[in-house]
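*Asks:* Structure, please.
(chains A and B)
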There are 2 protein chains.
Amino acid sequence: MSLLVVGTVAFDAIETPFGKTDKITGGSGNYICHAASRFTNDMKLVSVIGSDYDQNELTWLKNAGTDLSGVDVKEGKKSFFWAGKYHLDMNSRDTLDTQLNVLAEFDPILPESFKTCKYLILGNIEPSLQKKVIEQMTQKPSFIVMDTMNFWMDTTPEALAETLKLVDMLVVNDSEARQLSGEYSLVKAAAKIKQMGPKYLIIKKGENGALLFYDNHIFAAPALPLEEVFDPTGAGDSFAGGFIGYLAATDDISYENMKRAVIYGSAVASFCVEKFGPERLKEITRAEIDQRVAQFVRLMSVEI
Amino acid sequence: MSLLVVGTVAFDAIETPFGKTDKITGGSGNYICHAASRFTNDMKLVSVIGSDYDQNELTWLKNAGTDLSGVDVKEGKKSFFWAGKYHLDMNSRDTLDTQLNVLAEFDPILPESFKTCKYLILGNIEPSLQKKVIEQMTQKPSFIVMDTMNFWMDTTPEALAETLKLVDMLVVNDSEARQLSGEYSLVKAAAKIKQMGPKYLIIKKGENGALLFYDNHIFAAPALPLEEVFDPTGAGDSFAGGFIGYLAATDDISYENMKRAVIYGSAVASFCVEKFGPERLKEITRAEIDQRVAQFVRLMSVEI
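*Replies:* Numbers count the residues shown, from 1 in each chain, chains lettered A, B, ... in the order given. Got it, this is the predicted structure:
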C-alpha cells in the first residue's frame, strides 16, 4: 500500500570516535525512505532540497521505488545542513553547525496522487507543517505516524498539541516522552500522551530498545546488543521507517502486526548504525533483515 | 536444594520523593533471603549484626526457612547503617551516612552444615571475604553467583580478580560492567568479563531490564514498566535473590532455566520497589509472582 513520507532530505557532516565524514546525505525523510524501501517499493516523498543536492542519492531513492514528484527543488539554493560530533559513549552528541537553508522555506504541497496514500509518516519537522500535510489528504489514511522533538515542545507547544490530535501514533524517545507529559514514569507519560490524541505510542530508548503502548497493552522490544555502534545518526528515523514500511507492506494495523513491525524497525535500525549515514541501509537485503529478526526472537525467547 | 546466602544484614534510613523512613531493616543478605524465600525454604545465611538488630526481622527470616546459625551477633555493638536520599528520577541517590559498625569486623565463618550447600550467592561485600567463603566449602557448589560494586574495583582490584576466577556468575549493573571491563559496548564488556572467570554474566539495567550472557547467547529481559517506584532500595538484591532462589528451588542450571530465573528475579524486584524496604517482599505469594511473570510474558511476546 502507498506510503507517504514527509521529512527532511539534507546533508550531514558527522564525527564519531571511529571517524569523520565530509558532507554526506541525511535527513529524516531520506532515512525513513531508505529503511521503508526494504519492505515496500511504493513510496511518495515530500521534502525540500537545494540544487546542490546529491543526484546519485535521488536516483537511488527513485530506483528503490520512491516517487520524488513531491520534492521541491529550490534552484540556486542550498540544502539543509547539520554537523555534529558524538561523544565517546555514542549516546550524546554536540551540534557543531546547523544551516537551515531551504528548510526555512519548506512548504509541503502534496501532488494530487499523494493525497490518497493509505499510510503516512511525518518525520520531525515543524508541527504546523505536519498538520498542513494531514489537511491536504483527500482520503483519510489508515494510519498516521508522527515524530517530533523537544525543540517543538519548547517553541510551538500549541501547534504540536493541534497536530497530535490528528495522528494515530507518536514516536519519540524517552526524554521527549517525559518532557511532553511532565511525567517521569513512562507508564504515566504514555497514559497522558495517549490523552493528547494518538492511540498508539512508541517510546524509543536507544540501546535499551523500545516500548509500544496501545490501549492497556505494553510491548517491550529490546535493542540488539551490538559490539560496535559506528554512527548512530538516523537510527531513530530508520526504526520509524522500517516500522511504517513493514506496516504498509503487510497492510495490517492489528496490534499483533504492530509488534512485529517494531521488531522489523529495530532490526533495520541495528543495521543503520554499522556504517556512516544511510550507506548500510542501501546494501541490506530482506534475507539479511529476516536473519536479524531471528536474532531478536532468540534474544527475547523464554519458555515459562 | 540448600542455598547459602552471604551478605549484609543492616539498618537503612531512606528518603524518597514519596516519603522518609527511620531506621528500617535492609542489607544485601537480608534482601536476598527475603526474595529467595518466595521460592525455597532451605536457606542458610552468613552475616554479622550488632545486638541492636531487629528481632522481629530475624524471626521472620527464620520462619521463612532461613538457618541463622551463621549470623554472628556482636554483643553490645551496632549493626551496619546506611542512610540515603533518592533524587526525583529515582535512578540516582546520595549517600547521607554510612556507619560500618560491626561490618568492619565481618569475618564470615561457615558452620559445618553450611559447607555443602549446592547453591551459593555472595552479596556485595569485600571480595577477599567472598573468596574466604568459597574456600570454606567442602563440596564444590553447583552454582556460585557473586555481586560486587565499583568501590571494590577502585580499592581492591586484585582481590576482586582472584574472587572472579572462582565463581560461575557475576551480577552487576551496566556502569559496573563498563568500569570492570573498560569497554562501553556491553557485548564487548561481557566478553571481557567472561574471560575473567565467570561463565555467566547478568548485567542489570534498572528500569531497562537485564541482559544474561552465556557462551554466545544473550537473553534480554525487560523490566516491567511501572507507574510508580516507591523505593528502589534493594531492587538489585531482590532480583539476585529471586534469581538464585528460583534456580535452587528448581535445581536446574540449564541456560533455558536460567532465562526463566531472570524473569522470576525481575518479577520479585518489581514488587520490592512498591513499598519501603523489604516490606512488600514479606507479603507476596507465589500466586502473585506467577501472575506478574505472566505480565512479563505478555510484555515480551511477539509472533514472527
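
*Asks:* Going by C-alpha atoms from here, please, whenever you check contacts or count neighbours.
*Replies:* Will do.

*Asks:* I'd like to know which elements the helix ranked longest in chain A is packed against.
*Replies:* Across chain A, the longest stretch assigned as helix under DSSP state H is helix A:255-272. Applying 3 or more Cα pairs under 8 Å, 6 or more residues apart in numbering or on different chains; DSSP states H and E, one finds that helix A:255-272 contacts strand A:210-214, strand A:217-221, helix A:235-250, helix A:279-283, helix A:286-300.

*Asks:* tell me the most buried of those?
*Replies:* Of all the helices and strands packed on helix A:255-272, helix A:235-250 carries the top mean neighbour count, a mean of 28, counting by mean count of other Cα atoms under 10 Å in any protein chain shown.

*Asks:* got the contact list for the residue in the stretch 51-200 of chain A that chain B sits nearest to?
*Replies:* Taking Cα to the nearest Cα, chain B has its nearest neighbour within the stretch 51-200 of chain A at residue A:187, 5.3 Å off. By Cα atoms under 8 Å, 6 or more residues apart in numbering or on different chains, residue A:187 lies in contact with B:225-227.

*Asks:* possible to save the helices and strands packed on helix A:255-272 as TSV with distance to residue B:113 and mean pLDDT?
*Replies:* Conversion of the helices and strands packed on helix A:255-272 to TSV gives the following (distance: least, Cα to Cα, whole Å; pLDDT from 0 to 100):
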stretch	distance to residue B:113	mean pLDDT
strand A:210-214	47	98
strand A:217-221	44	98
helix A:235-250	56	98
helix A:279-283	60	96
helix A:286-300	40	97
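
*Asks:* Out of these, the one nearest residue A:9 is which?
*Replies:* Nearest of these to residue A:9, taken as Cα to Cα: helix A:235-250 at 12.0 Å.

*Asks:* what's the spacing between the closest one and its chain's center?
*Replies:* 7 Å (Cα atoms, centre = their mean, to the nearest Å).

*Asks:* can you list contacts of that helix?
*Replies:* For helix A:235-250, using Cα under 8 Å, 6+ apart, the contacting residues are A:1-3, A:28-29, A:31-40, A:118-119, A:121, A:123, A:145, A:171, A:204, A:206, A:253, A:257-258, A:261-270, A:272-273.

*Asks:* which one is residue A:132 nearest to, not counting chain neighbours?
*Replies:* residue A:108 (7.5 Å; Cα to Cα, 6 or more residues apart in numbering or on different chains).

*Asks:* OK, contacts around that neighbour?
*Replies:* So residue A:108 contacts A:46-47, A:70, A:129, A:132-133 (Cα under 8 Å, 6+ apart).

*Asks:* Show me which of the contacts of residue A:187 are buried.
*Replies:* Buried by 16 or more other Cα atoms under 10 Å in any protein chain shown: residue B:225, out of the contacts of residue A:187.

*Asks:* Closest one of the contacts of residue A:187 to chain A?
*Replies:* Comparing these against chain A with Cα to the nearest Cα places residue B:227 closest, at 5.3 Å.

*Asks:* any idea how far residue A:178 is from the nearest residue to the closest one once chain neighbours are set aside?
*Replies:* Residue nearest to residue B:227 in three dimensions, not counting chain neighbours: residue A:187, with 5.3 Å by Cα to Cα, 6+ apart. Separation of residue A:187 from residue A:178 (Cα to Cα, to the nearest Å): 10 Å.

*Asks:* what's the answer for residue A:295, then?
*Replies:* 30 Å.

*Asks:* which residues are contacting the helix or strand of chain A with the lowest mean pLDDT?
*Replies:* Lowest on mean pLDDT, DSSP states H and E among the helices and strands of chain A sits strand A:19-20, with a mean of 90. By Cα under 8 Å, 6+ apart, the surrounding residues in contact with strand A:19-20 are A:13-14.

*Asks:* Mind listing what's buried along stretch A:73-91?
*Replies:* Counting neighbours by 16+ other Cα under 10 Å, one finds that the buried residues in stretch A:73-91 are A:73-74, A:78-86, A:90.

*Asks:* Which stretches in chain A count as strands?
*Replies:* For chain A, applying DSSP state E gives strands covering A:3-6, A:10-16, A:19-20, A:24-26, A:43-50, A:66-74, A:81-86, A:93-99, A:119-122, A:143-147, A:169-173, A:200-204, A:210-214, A:217-221.

*Asks:* who in the stretch 1-150 of chain A is up against chain B?
*Replies:* Residues of the stretch 1-150 of chain A lying close to chain B by Cα under 8 Å from any Cα of the partner chain are residue A:89.

*Asks:* In this model residue A:41 seems to touch residue A:64, though I could be wrong.
*Replies:* Yes. Here residue A:64 reaches residue A:41: they are 6.0 Å apart, a contact under Cα atoms under 8 Å.
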